[in-house]
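Novice: Let me see the structure of the following:
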Amino acid sequence: MIIYGTAILAVCHLLGVYLGNALGIALGVQANVGGVAIAMILLILSKELLAKRGHLPQVTQFGVLYWSGMYIPIVVAMSAGQNVVAAMSGGMLGLIVSVASLIGTVLVIRWLNKSSGDYQSYEWAVEPTEKAT
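Specialist: Numbering: from 1, shown residues only. Next up is the predicted model:
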């Protein structure tokens, strides 16, 4: 099985790691600060930008969509697991803040979906196919 979009994912990941390390150094922390999140944002932005300009074939768009479907949930699950451990060790205040941030996230996502207006209207560009005669 050929999976397209791997190069875009790799470039976004490397840039995210570099920018996360640079941000950590700027903040005086010896760690990567938000590198994976930066990589995910770069992946989404690069896919949209290249697709709008017509530089990304449909099959590559599907490949990037595949990687987004694999990459983003795994990273979110890993960070969520770490956050739960930190929240539980922080006591009741950590638990309250965690629940409040979850509710806030759900409300913001609902608001963004309602305000965008084009949630169901996205159409993939169809490449012409030749019919055998």
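Novice: Show me the shaky parts of the protein.
Specialist: Flagging of the chain using pLDDT under 70 yields the residue ranges 1-2, 72, 78-87, 90, 117-133.
Novice: any idea which residue sits dead centre in it?
Specialist: A centroid search over the chain (Cα atoms, centre = their mean) returns residue 40, at 3.5 Å, as the residue closest to the centre.
Novice: what sits up against stretch 64-73?
Specialist: Contact partners of stretch 64-73, identified using Cβ atoms under 8 Å, 6 or more residues apart in numbering, comprise 3-6, 8-9, 40, 43-44, 47, 56. Heads up, the C-betas are built off the backbone N, CA and C, glycines and all.
Novice: run the last query once more with 6 Å
Specialist: 5, 8-9, 40, 47 (Cβ atoms under 6 Å, 6 or more residues apart in numbering).
Novice: Of these, which pair is most distant in space?
Specialist: Farthest pair in the contacts of stretch 64-73 (Cβ to Cβ) is 5 and 40. Separation: 13.7 Å.
Novice: Please identify the buried residues of the helix or strand where residue 105 lies?
Specialist: Element membership for residue 105 (DSSP states H and E) is helix 92-116. Across helix 92-116, burial judged by 16 or more other Cβ atoms under 10 Å covers residue 98.
Novice: Dihedrals phi and psi, residue 5?
Specialist: Per-residue torsions, residue 5: phi 90, psi 0 (degrees, to the nearest 10).
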